[in-house]
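>>> structure of the sequence below:
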Amino acid sequence: MRGLTVLLVASMVAATASAQTLDRIVAVVGTRPILASQIEEEMVQQQAQGQTLPTDSAGLAAMRRQVLDRLIELEILVQQAERDTSIKVTDQEVLDQVEQTYQNVRKQFTAENDFRDQIRQARFGSVEEWRRWLADEQRRQLYAQRLIETQRQKGKLRPIPPTDAQMREFWEQNKEQQPKRPRRYRSVRS
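Sure thing, here's the model as predicted:
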């Protein structure tokens, strides 16, 4: 009887712990984790910009993988830029971009309450929490952009040609969007 009680309590604790899982780490770059929620946020942003999301599970998994790859690449750039002492991002630059983004988003809402509700729906506790998150994202984007600019100027940034496997994968994912070629007809000589 005691063993059954322990088993029930353990299963309830495990169920409670899994029900409280808010996010999960899908990759770690250096010391910074990349969360599953970041991938979902990127996909929602792409959808908001007019990109259609795949409806099948395989297509969604492939898209999540592409987004994860982009987030990993961005994080590598950011960490490299932060180590480079010649690359500077000032607090004022970040604050200016945050303020511009804030104003652009705020203009979309006629009432302050609607704006705050939208911020809460985006899982931010307050406008200030959203602004802090936005500042971090803006700083990271600026670092990555500056690193790319610096490497271009130094001639260190050259395009890397895709592998055959990457080309095939891209083709398979996008073949539906390719324009159809007209049929070729051969003239038959008599």
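>>> ok, and the closest non-adjacent residue to the spatially most central residue of the chain?
Centroid-nearest residue in the chain, with Cα atoms, centre = their mean: Glu42, separated by 3.6 Å. Among residues not flanking Glu42 along the chain, Val67 sits closest, at 4.6 Å (Cβ to Cβ, 6 or more residues apart in numbering). (Glycine included, C-beta is placed from N, CA and C.)
>>> the one you found touches Ala36, doesn't it?
No. In this structure, Val67 is not within contact of Ala36 by Cβ atoms under 8 Å, at 10.6 Å.
>>> contacts only, for the residue nearest to the centre of the chain.
Counting by Cβ atoms under 8 Å, 6 or more residues apart in numbering, Glu42 makes contact with 67, 70-71.
>>> phi first, then psi, for Ile87.
When read as degrees, to the nearest 10, the backbone of Ile87 gives phi -100, psi 120.
>>> distance check, Gln38 against Ile87.
The spacing between Gln38 and Ile87, counted by Cβ to Cβ, to the nearest Å, is 23 Å.
>>> correction: Tyr102
25 Å.
>>> okay, buried residues for the host helix or strand of Glu73 please.
Taking DSSP states H and E as the criterion, the element that holds Glu73 is helix 57-83. Within helix 57-83, the residues that count as buried by 16 or more other Cβ atoms under 10 Å are 63-64, 67-68, 71, 74-75, 77-79, 81.
>>> any chance of those in CSV, plus pLDDT?
Listed next are the buried residues of helix 57-83 as CSV, based on pLDDT from 0 to 100:
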residue, pLDDT
Met63, 92
Arg64, 93
Val67, 92
Leu68, 94
Leu71, 93
Leu74, 91
Glu75, 92
Leu77, 90
Val78, 91
Gln79, 91
Ala81, 90
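>>> nearest to Gln108 among those residues?
Checking those against Gln108 by Cβ to Cβ gives Val67 as the nearest, at 24.6 Å.
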